[in-house]
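Enquirer: sequence first, predicted model second:
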Amino acid sequence: MPSTIPDAERTLSYDCLKCVLKQFEVNFRFRLAERLPKISHAEKAVPLYISKLSICEEGFYLNDTKYQLGVNRQAREGRNFEIIVWENQRGGSVRDYDMFGIEKRSLPELTPGDLFIQDYNPLTWNDNLESAEARMATYRNRLIALQKERIDLEFAPEELENTPENLVEREQDQLGRRRDQVLGREQRLERVNRSIRQMKINLEYAGLAVQRFQCERDNIPSPYDMFIQFTKKSPDGTVYIERFNYEKRLMEARKYLICKFLGNRQSVIKIKSLGFWARLRGGLIIGLPEGIKLDVQEFGTSGNLSEVLQRVETILEHPNRPFDRLQSDSLKLEDVQNHKVRNAGVLVLHNVYFVDYVALCREAPNKKIVITLGRKMQPEQFGVIVENLIDTKGTLGTCYEITVLSEEDEAEEVLRVVGQRFENAVVGEKLVTIPLPSQLQLNVSYEPYQYNSRILKYKITMNVMVRNQVN
């Protein structure tokens, strides 16, 4: 009878190894190939399927794993500024620094495989020693004033707990007013404490800037040793940290890491969602392996949208195929004329404040448009969008989602205005239904949208569907 015990000496064939590797999640594959260099050739030969690749200044997300690169700073003498301790704990600063510790706000020259996304905004950087010292003096004076205000509030008279309980009606009114005063004092005290904490942070930033410019003036190096810190955070909470000598810029280190994972592939890499994201007023170059080809379904980007889309075409395996979903944080109205924008299955605007949403919804032919965290709109503007939708794109499947309102009563007012604008509208709770031809109807509704633990918005949805169908 043949033995069923596996032979520990027996090795997988090359083709069997590729079949096994194909089943592994990509981050595990990369880690396995790094630990077992003998399988790296087979790993590169196996087609790569990535759910999400989002590249930003601080590193990139590969599926649900975060690869972060930052500059870790350690004072050679004395203690670190608290803001530096905080940045180090978060993986290091995402900014590069020169020998004096001054932030570098210029992009390196492009190398083969690089894609330019966005340059630094020059209007946000005009600092020097004199202005930094002036800021420091201003913040110090404000801090002294806030600390004095806190003392005054803490020792203010009229403590509520010392007031007798058995009072006539007039005295109860006085008690109510006094309670309001105490409550108001507590709220002001909380506000002052928040302002003090923020002013201490501002003071440290100003002090750090003064220190940098003094080093530049005296031509002496920064008092900090600097390292590149690599942090890998896995979905299960595992954190791996490694530090290297600061011998290349963060963008170069990020490109090295990306090329290590994605370079020398024998087949086109398939990516469901690809994103290139810069910080507000920050600069970004995406470094990719030279000659790489990607099969991308969904794409999002910062920077000048039409220009970035043109550059991205060079890395796409199917440059003429429309994106299922296209997202931008800086779209302009003229970008709507770009064929990639017009043909996107879903057009998404996130944090886009400087575009006319009414004109966008009128000009863009996309059946599905999503707008989140942008400029606040008035109820009448929603009414115009509804009217334009009915007149031009009232076909089955048309759907707009606009999440820019902060209060529920604002969302209720939108529905009230829409209901009054159309005579045949049926107004219900959180829903207005407008009958359309061909047995269709337009549902306009609202619901809360919890963006994160701190931000609650209200989403207005306009959806064309079959009549009497539920949202």
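Expert: Right, received. Where do you want to start? Quick caveat: nothing in here was measured; it's all calculated off a predicted structure.
Enquirer: pLDDT below threshold where in the chain?
Expert: Where the chain drops to pLDDT under 70, the residues are 1-10, 123-125, 157-183, 469-471.
Enquirer: now the helices for it?
Expert: Using DSSP state H, the helices of the chain run over 14-22, 26-35, 40-45, 82-89, 129-154, 169-218, 250-262, 305-312, 339-342, 357-363, 379-392, 408-421.
Enquirer: adding mean neighbour count and distance to Phe60, write these out as a markdown table.
Expert: Where you see a C-beta, it was placed from the backbone N, CA and C, and this is true even at glycine. A markdown table is the format used below for the helices of the chain (neighbours: other CB atoms under 10 Å; distance: least, CB to CB, whole Å):
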| stretch | mean neighbour count | distance to Phe60 |
| --- | --- | --- |
| helix 14-22 | 14 | 22 |
| helix 26-35 | 16 | 12 |
| helix 40-45 | 17 | 19 |
| helix 82-89 | 15 | 19 |
| helix 129-154 | 15 | 33 |
| helix 169-218 | 14 | 27 |
| helix 250-262 | 19 | 7 |
| helix 305-312 | 19 | 16 |
| helix 339-342 | 18 | 23 |
| helix 357-363 | 18 | 30 |
| helix 379-392 | 18 | 36 |
| helix 408-421 | 18 | 36 |
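Enquirer: and the ones you listed as TSV, adding distance to Tyr458?
Expert: Shown next, in TSV, are those (distance: least, CB to CB, whole Å):
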stretch	distance to Tyr458
helix 14-22	45
helix 26-35	37
helix 40-45	47
helix 82-89	33
helix 129-154	35
helix 169-218	26
helix 250-262	37
helix 305-312	27
helix 339-342	27
helix 357-363	15
helix 379-392	12
helix 408-421	4
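Enquirer: nearest to Gly237, of those helices?
Expert: Nearest to Gly237 among these is helix 26-35 (14.3 Å), distances taken as CB to CB.
Enquirer: elements contacting the closest one?
Expert: Contacts defined by 3 or more CB pairs under 8 Å, 6 or more residues apart in numbering; DSSP states H and E place helix 26-35 against helix 40-45.
Enquirer: give me the contact list for the helix it packs on.
Expert: Contacting residues not belonging to helix 40-45 are listed as Tyr14, Leu17, Lys18, Leu21, Arg29, Phe30, Leu32, Ala33, Asn264, Arg265, Gln266, Ser267 [CB atoms under 8 Å, 6 or more residues apart in numbering].
Enquirer: could the residues you listed go into CSV alongside distance to Lys255?
Expert: Formatted as CSV, the entries for those read as follows, by distance: CB to CB, whole Å:
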residue, distance to Lys255
Tyr14, 30
Leu17, 29
Lys18, 27
Leu21, 25
Arg29, 20
Phe30, 16
Leu32, 23
Ala33, 19
Asn264, 14
Arg265, 16
Gln266, 21
Ser267, 21
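Enquirer: of the residues you listed, which is the nearest to Met199?
Expert: Phe30 (44.9 Å).
Enquirer: other residues contacting stretch 128-139?
Expert: Met199, Asn202, Leu203, Ala206, Gly207, Ala209, Val210, Phe213, Gln214, Glu216, Arg217.
Enquirer: separation between the third one and Gly287?
Expert: Leu203 sits 37 Å away from Gly287, taking CB to CB, to the nearest Å as the criterion.
Enquirer: try the fifth one
Expert: Separation of Gly207 from Gly287 (CB to CB) stands at 34 Å.
Enquirer: which residues touch Asp229?
Expert: Not quite, residue 229 is Gln, not Asp. Gln68, Leu69, Gly70, Val71, Asn72, Asn88, Gly91, Gly92, Ile241, Glu242, Arg243.
Enquirer: closest to Ile371 out of those residues?
Expert: Relative to Ile371, and with distances defined as CB to CB, the nearest of the contacts of Gln229 is Gln68, at 29.5 Å.
Enquirer: what about the closest one, how many residues nearby?
Expert: 21 (other CB atoms under 10 Å).
Enquirer: tell me the contacts of it?
Expert: Here Gln68 is in contact with Glu58, Gly59, Gly91, Gly92, Gln229, Phe230, Thr231, Lys232, Lys233 (CB under 8 Å, 6+ apart).
Enquirer: could you do Thr403 as well?
Expert: By CB under 8 Å, 6+ apart, the contact list for Thr403 reads Ile371, Thr372, Leu373, Tyr449, Tyr451, Lys457, Tyr458, Lys459, Ile460.
Enquirer: go on, Val94?
Expert: Glu57, Glu58, Gly70, Val71, Leu250, Arg279.
Enquirer: how about Lys22: what's its closest non-neighbour residue?
Expert: Once flanking residues are discounted, Lys22 sits nearest to Val46: 5.0 Å by CB to CB, 6 or more residues apart in numbering.
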